[in-house]
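Trainee: Here is my input; please provide its structure:
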Amino acid sequence: MSKPFDLKFIPFSALHISELNMRHSDTAPDIDDILPSVKERGIRQPLIVRREGGTAKKPKYGIVAGRRRYFCLSAIAADGIEIADVPCCVMDAKDDALAIETSIIENVARLAPTEMEQYEAFKTLADKGQSIDDIAAVFGITANSVKRRLALGSLIPEVREAYTNQQIDAASIRVLTMATEEQQAAWLELFNSDDYCPTGTHQLKAWLTGGGVITTEVALFNLAEYTGTILTDLFGEHGQFADIEHFWESQNAAIAKKVETYKADGWKEVILGERGSHFPTYCHVRHPKEQGGRVYIETRDSGEVLFHEGYITDKEAQTIRRALSNGEAEGGKATKMSKPEMSGPMAEYMNLHRHSIARAELIKRPDLALRLSVAHMICGARNWKLDGSGIRARKDESRASIEASKAEAILSDERQAVCDLLGLSQKHPQIYYRHENPYDVCEIFARLITLEDADILRIQAFCLAETLAVDSSEVEAIGILTAPDFGAYWSPDDAFFDILRDKPTINAMVKDIAGKSVADSVVTDTAKQQKQIIKNRMAGHGVKDACPDWLPRWAAFPAKPYKAVNGCAPAERVRRIDKMFKPA
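Mentor: Sure, this is the predicted structure:
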C-alpha cells in the first residue's frame, strides 16, 4: 500500500516537470483559461510532486500532476512578480507506478489524452511491473482497451510520430498494428510519395494481404489447429488471415468434411457452387430431404460459406406439379383412370375458401396471430419484406461510437436472450441476415407456440427494435412516448466533437455550458478552440463546478434545434408528428 501524501510549501525555484508526468514535453500548454484565476487567487489546488534530485538541504521536486499550474506561475514570474512558496502534496519518491497513475488520472480528468499519450503512459506502467488488469482497474476501463493501446507499441517510430502529428488517421493506424516492420516502412514510403497509398480499414487490410480480406469469423475449421499466420490489431473482434491461399486450403478441407457429413445424414445430393457464385433463391423452391431435396453450398470470396438445405430448382418443381396434375404417381405415368381428384381450378377454389376460413378463425385467436406475426417478423413471408441488416454509417468513427455505446450493449445482450428463447444457439447470435434468412416460418411458429405470452412480447419487441429504420419518425415517436434519460445512454465523445463543425452551433453550445459572456468573448475563435472550452467545462477544468452531464440540445426527445428547425433533421421529424403524440 502506498504512503499517504505529505503537504508542504515548496519554493518555486525547487520545482520542475517530472519525466513521469504524462505530458512532460517542452511544449508549453495552453493556460489562457486559468492564468487570470491564478494571478488573482494564486494556486488553490496543491501540485502533486515527488523528490527528484537536489541535496539534503536544497532538495528538488518533480511535478507529477499540475503542469499547467506550474506554467501559470512561470508566466507570472516572467512578469517580475515574486512567487510565494507553492502548496504541494509530496508523494513517495520510490513509487514510480503511483506517480504515473496520478499523472494519467489528473490529465484524463482534465482533457482526454491521445491514443499515443495513453500508449506511452500505459507502457511505462507495464514496464514498472503493473499487469494489464491492474492498469485497467486504476482507470476504470476494460483490459481490452489497455491491450489496444499497448498494441501501438508494434508500430515503428516513424509511423508513431506521424500519427502523433495527426498525419495518419485512426482507422489506418489500427490496421498498421497488424503489419510487420518491413510492411510499415514500405507503406510509409508510399504515404510520403505521390503514388497511390491505401488508407482506411478495408483498403489497407487488402493491401497487407495482397488481395481480399478474410476474417477469422468465417472459418469452418478449428483456428487452434491452423498453421498459417493470423493478423490481429487488437482493435476488432476478429483477426484476418495473412495468406489467402493457405486459408482456402483449410477452408476447402472443412467444406469437404461437411459434404461427407450431409451425405451420411441422408441427403442424396450436395451441390457445391464455384467460389464467388451466388445461390439464386428466386429460381429454387424448398423441398424436403425425404423427397429429393438437395443441399446447395454457396462459397463467397469473403470466405463465408452458406449451406442452403432442402431445395430443388423451380423448373423441377414445375415438372412435379404438372406430373401430379396429370395423375402421375410415384415413379409411374399418368393414365386415363388416374387423373388427379382435384383439377387446377378446383384446387384454386378450395384454396381460396380455406384461406378465408383460416383468416376468419385467426381473428378469434389473437394468441396465435401474435405468434405467427412474430414468426413472419423473423423469417419474412410472401407478403412481408423486412430489412434487419444492422448499423450502417458513412464514417468509421460514428460506427465505432455506436458499437461501443451502452444502448448497443443492451441490445446485444437481448439478442443473445432472444436467440436462446428461440433455440437458435450459435457462436454469434443473429436473427437477421443481409441476404436470405435461413429460418423456416413454420419451424419458428412451432417454437413460438410453446412459449408464454410474456416471452412472445419480448421477442416481438426485439424484432421490431432490430428492424426499426434509423432516420425515421417512428424513432422520434418512441422517444416522445418513453421519455428516456439520454444522458444515461450517451455523453459527447471524441467522435461527436470530431464531426461537430458548424461554428455558430458550436458557439451556441458554448453559451449553453459556459454562459453568454464566455460565448461572446470567443465568438471569433476557431471551432477547435471553442470545442475545447466545452470539453474543459465538462471536465471541470478552470471552473468551480464541473458540468460532466452536459448534453447538446439535440440529445433529448424531442430534439431542439440551435438555429432553425429546417437545419436539424431530428427536429424536422418531430415537427411532423408532435401533434400526434404526447410525452409519457
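
Trainee: And the strands in the chain?
Mentor: 6-10, 15-17, 47-54, 59-65, 86-91, 230-231, 240-241, 270-272, 284-286, 294-299, 305-313 (DSSP state E).

Trainee: Looking at the ones you listed, spot the one closest to residue 205.
Mentor: strand 240-241 (6.2 Å; CB to CB). The C-beta positions use only the backbone N, C-alpha and C, and glycine is treated the same way.

Trainee: Show me what the closest one is in contact with.
Mentor: Applying CB atoms under 8 Å, 6 or more residues apart in numbering, the external contacts of strand 240-241 come out as 178, 205, 209, 213-216, 228-232, 247, 303.

Trainee: 10 Å instead?
Mentor: By CB atoms under 10 Å, 6 or more residues apart in numbering, the surrounding residues in contact with strand 240-241 are 175, 178, 205-206, 208-209, 212-219, 223, 226, 228-233, 247-248, 250-251, 303.

Trainee: From what I see, residue 501 and residue 530 are in contact.
Mentor: No: in this structure residue 501 lies outside contact range of residue 530 using CB atoms under 10 Å: 11.4 Å.

Trainee: out of these two, which sits in the more crowded spot?
Mentor: Neighbours per residue (other CB atoms under 10 Å) separate residue 501 from residue 530, with residue 530 holding more: 21 against 10.

Trainee: Compute the first-to-last residue distance for stretch 195-203.
Mentor: Taking CA to CA, to the nearest Å, stretch 195-203 runs 15 Å from one end to the other.

Trainee: how deep is the residue nearest to residue 576 when sequence neighbours are not counted tucked in, by neighbour count?
Mentor: Leaving aside its chain neighbours, residue 576 sits nearest to residue 473 (6.1 Å; criterion: CB to CB, 6 or more residues apart in numbering). For residue 473, the count of nearby residues is 16 (other CB under 10 Å).

Trainee: how near is residue 473 to residue 560?
Mentor: 17 Å (CB to CB, to the nearest Å).

Trainee: what do you get for residue 296?
Mentor: Counting by CB to CB, the gap from residue 296 to residue 560 is 53 Å.

Trainee: cool, residue 307 as well?
Mentor: Using CB to CB, residue 307 is found at 51 Å from residue 560.

Trainee: longest helix of the chain?
Mentor: helix 244-264 (DSSP state H).

Trainee: packing partners for that one?
Mentor: Helices and strands touching helix 244-264, by 3 or more CB pairs under 10 Å, 6 or more residues apart in numbering; DSSP states H and E, are strand 240-241, strand 270-272, strand 294-299, strand 305-313.

Trainee: same thing but at 6 Å, please
Mentor: Packing partners of helix 244-264 (3 or more CB pairs under 6 Å, 6 or more residues apart in numbering; DSSP states H and E): none among the helices and strands.

Trainee: what pLDDT, on average, does it get?
Mentor: Averaging pLDDT along helix 244-264 gives 89.

Trainee: List the buried residues for it?
Mentor: Neighbour-count burial for helix 244-264, counted by 16 or more other CB atoms under 10 Å, picks out 244, 247, 248, 250, 251, 252, 255, 258, 259, 262.

Trainee: Using JSON lines, lay out those residues together with distance to residue 567.
Mentor: JSON lines is the format used below for those (distance: CB to CB, whole Å):
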{"residue": "244", "distance to residue 567": "47"}
{"residue": "247", "distance to residue 567": "49"}
{"residue": "248", "distance to residue 567": "51"}
{"residue": "250", "distance to residue 567": "53"}
{"residue": "251", "distance to residue 567": "50"}
{"residue": "252", "distance to residue 567": "55"}
{"residue": "255", "distance to residue 567": "53"}
{"residue": "258", "distance to residue 567": "55"}
{"residue": "259", "distance to residue 567": "58"}
{"residue": "262", "distance to residue 567": "57"}
